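**Q** Kindly generate the corresponding structure for this input.
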Amino acid sequence: MSQNGQSGHNGTTAFPGGGAEHQLRRSLGFRDLVVYGLLFIAPMAPVGVFGTLDAKSHGAVALVYVVATVAMAFTAFSYAQMVRVVPQAGSVFAYARAGLGNGAGFIAGWMAMLDYVLIPAVAYLFSGIAMEALVPEVSRWVWTAIAVVVTTLLNLWGVRTAARVGFLVLAMEIVVLVVFVITAIVVLAQDGAERDWLSPLSGDGTQGAFALSAVVGAVSVAVLSYLGFDAIATFAEEVTGGSAKVARALLFCLALAGVLFVAQTYLVALLEPVSSAQLAAEPERQGSAFYDAVDASVGTWLHDLVAVSKAIGAAFAALAGQAAAGRLLFAMGRDRRLPGVLSRTDSGVPRVALLVSAVITMAAAVWAARRDDGLDHLVSVVDVGALTAFTLLHASVVGWFVIRRGGGGAVSWWRHLLVPVLGAAITIAVIVEASGTAQVVGAIWLAVGLVVLAVQWRGRRDAEAAGV
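**A** Predicted coordinates:
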């Protein structure tokens with residue numbers, strides 16, 4: 001392990017100056033990491049944004065996910081580089097601190113916190129909305145709160161238990177996805193496609209000739225489907241067998257998610273009876289476009305099956321996100337960048353950090369569930385925090401390997417310079433394409449973080465001057 005931490009007794013991870021109450025227990029294997037990553041991403045993540053992407057890309061929705069997977073691969077590769085040298089629970093917080101310094105590390109963690117707290121809130125709200133549709137007698141905010149409580153209890157029970165239950169939920173989602181794929185293929189073989197067979201990769205032609213700019217614009221929305229795969233890195237201190245396993249899980253999850261996303265969007269695009277031009281002209285149809293295409297071509301039974309799967313899957317995507325948020329708060333508390341009580345553990349579980357994360361997420365999710373425009377408010381800001389943290393991650397690779405020469409060996413111009421520079425360019429471009437609301441909220445959150453950092457810096461300077 002790196003100089004920043006070492007293996008402790010009883011399978012825990014110890015850090016200089018930290019006792020057993022600040023240690024996490026090593027109990028996760030490769031499969032568990034993949035389960036957490038895929039739960040957070042959600043195998044059928046494109047369902048909700050299919051119509052929007054179809055309209056924006058002029059029908060080339062499968063190509064959008066091919067490009068988005070390649071674009072996010074740069075970020076996954078940078079994570080894989082840093083997790084090997086800084087195998088800590090703080091993920092991007094720990095990486096930026098090692099590669100760029102304590103200040104940049106705090107800002108990276110601060111921005112990632114915005115993402116890790118709000119993405120679970122969105123997922124809980126999705127679950128509440130789906131359950132209200134199935135049982136309308138109970139308000140969506142009640143279902144949302146129930147989902148928070150159930151998944152929080154599983155997280156408090158321990159990361160291993162949550163991973164086992166999550167595996168069953170993930171298996172259910174995969175089965176539903178397989179049912180959809182097989183059914184779609186049978187329908188296409190019997191009845192033919194509504195669109196040209198190559199249109200999901202080249203456009204349906206209803207909005208003019210193929211336009212690369214339209215695909216790139218849609219990619220800025222599609223990358224939201226991948227947010228969460230990075231949560232795997234937050235479990236680096238709880239993995240058995242070394243940090244290389246975390247790096248492999250990161251890359252594997254991204255590749256598998258890319259294949260699943262491309263396959264399902266390709267098939268549903270062929271089943272879609274509505275053109276991309278019609279979806280662009282009638283944006284109110286975009287949110288339900290995936291369900292409408294399945295309903296029209298296959299039947300209501302598959303529509304309902306997908307809806308139930310999304311309801312359960314969304315809650316467990318939030319479970320993975322809440323677990324990642326707890327690890328981030330734990331790491332920042334251990335480094336005294338947040339209150340130290342957050343770094344306390346109970347039997348290797350960061351229960352204080354998990355409870356704080358759950359309370360914040362519960363407040364955001366229930367608030368949004370009680371408002372008609374709550375979902376719009378949450379969705380509009382979830383990506384800026386993560387993308388800013390990703391940008392600092394790429395800078396950390398350059399800082400650690402090229403500037404600080406922390407790797408100890410020869411600098412690889414493509415692994416340590418070219419890939420992170422291209423990755424940072426991609427994440428910055430996506431931030432630029434984000435909505436104005438998201439940019440404003442991200443800027444305000446960043447400004448608050450800078451104020452907190454300045455206060456901490458002044459406090460430490462005064463303490464040093466006083467000889468404390």
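**Q** Look at Val274 and tell me its secondary structure.
**A** Assigned with DSSP: H, G, I helix; E, B strand; the rest coil, Val274 falls in the coil class.
**Q** Please give me every residue in contact with it.
**A** Arg285, Ala289, Asp292, Ala293 (CB atoms under 8 Å, 6 or more residues apart in numbering). Placement of C-beta: from N, CA and C, glycine included.
**Q** What count of nearby residues applies to the residue nearest to the second one when sequence neighbours are not counted?
**A** Counting by CB to CB, 6 or more residues apart in numbering, the nearest residue to Ala289 once its immediate chain neighbours are dropped is Gly51, at 2.9 Å. A total of 28 residues lie near Gly51 under the criterion other CB atoms under 10 Å.
**Q** Gly51 sits in which helix or strand?
**A** helix 50-56 (DSSP states H and E).
**Q** now Ser412
**A** Using DSSP H and E, no helix or strand contains Ser412.
**Q** Model confidence score at it, please.
**A** Per-residue pLDDT puts Ser412 at 87.
**Q** same check, this time on His394
**A** 94.
**Q** My understanding was that it contacts His416; is that so?
**A** No: with contact defined as CB atoms under 8 Å, His394 does not reach His416; the gap is 10.6 Å.
**Q** Looking at the two now, which is surrounded by more residues?
**A** Neighbour count, other CB under 10 Å: between His394 and His416, His394 has more, with 28 against 21.
**Q** contacting residues around the more buried one?
**A** Phe74, Thr75, Ser78, Pro420, Val421, Gly423, Ala424, Thr427.
**Q** want to try TSV for those, with pLDDT, neighbour count and distance to Leu212 as columns?
**A** Converted to TSV, the contacts of His394 look like this (pLDDT from 0 to 100; neighbours: other CB atoms under 10 Å; distance: CB to CB, whole Å):
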residue	pLDDT	neighbour count	distance to Leu212
Phe74	93	21	19
Thr75	90	28	22
Ser78	91	27	25
Pro420	95	29	25
Val421	95	15	22
Gly423	92	25	20
Ala424	93	21	22
Thr427	86	24	20
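**Q** which among those residues gets closest to Trp157?
**A** Taking CB to CB as the measure, Trp157 lies nearest Thr75 of the contacts of His394, at 31.1 Å.
**Q** can you tell me the helix or strand for that closest one?
**A** Going by DSSP H and E, Thr75 is in helix 61-85.
**Q** still on that earlier bit, would you check which pair of the contacts of His394 lies furthest apart?
**A** Thr75 and Val421 (12.5 Å).
**Q** where exactly do the helices run in the stretch 151-300 of the chain?
**A** 159-191, 199-202, 212-222, 244-271, 276-281, 289-297, 300-334 (DSSP state H, counting those that start in this stretch).
**Q** Buried deepest among these, which one?
**A** helix 300-334 (a mean of 24; mean count of other CB atoms under 10 Å).
**Q** any idea of the angle it forms with helix 159-191?
**A** For helix 300-334 against helix 159-191, the angle by axes from the mean of the first three to the mean of the last three CA atoms, to 10 degrees is 150 degrees.
**Q** before we move on, back to that, let me know the pLDDT of the residue nearest to Ala289.
**A** 87.
**Q** Glu464 now?
**A** For Glu464, pLDDT reads 68.
**Q** do you know how far the closest residue to Gln286 other than its chain neighbours is from Gly287?
**A** Leaving aside its sequence neighbours, Gln286 sits nearest to Gly51 (CB to CB, 6+ apart; 3.2 Å). Using CB to CB, to the nearest Å, Gly51 is found at 6 Å from Gly287.
**Q** try Asp191
**A** For Asp191 relative to Gly287 (CB to CB), the value is 26 Å.
**Q** Can you give the distance of the helix holding Thr75 from its chain's centre?
**A** Helix 61-85 sits 12 Å away from the centroid of its parent chain (CA atoms, centre = their mean, to the nearest Å).
**Q** List the buried residues of stretch 50-68.
**A** For stretch 50-68, a neighbour-count test (16 or more other CB atoms under 10 Å) marks 50-68 as buried.
**Q** Count the neighbours of the residue nearest to Ile428 when sequence neighbours are not counted for me.
**A** Nearest non-adjacent residue to Ile428, counting by CB to CB, 6+ apart: Thr391, 6.0 Å away. Residue neighbour count, defined by other CB under 10 Å, stands at 24 for Thr391.
**Q** now swap in Gly205 and tell me
**A** Gly205 has 16 nearby residues by other CB under 10 Å.
**Q** Distance-wise, check it relative to Gly59.
**A** With CB to CB as the criterion, Gly205 and Gly59 are 7 Å apart.
**Q** just Phe40 next, same as before
**A** 29 Å.
**Q** Now do the contacts for the closest residue to Lys56 other than its chain neighbours.
**A** Using CB to CB, 6+ apart and skipping residues adjacent in sequence, the residue nearest Lys56 is Ala218, 4.0 Å away. Going by CB under 8 Å, 6+ apart, Ala218 touches Thr52, Leu53, Lys56, Ser57, Ala60, Val61, Val64.
**Q** mind running it again at 7 Å?
**A** Leu53, Lys56, Ser57, Val64 (CB atoms under 7 Å, 6 or more residues apart in numbering).
**Q** Pick out the most distant pair among those.
**A** Distance extremes for the contacts of Ala218: the farthest pair is Lys56 and Val64 at 8.0 Å, using CB to CB.
**Q** tally of neighbours for Ser347?
**A** As a burial measure, Ser347 scores 9 neighbours (other CB under 10 Å).
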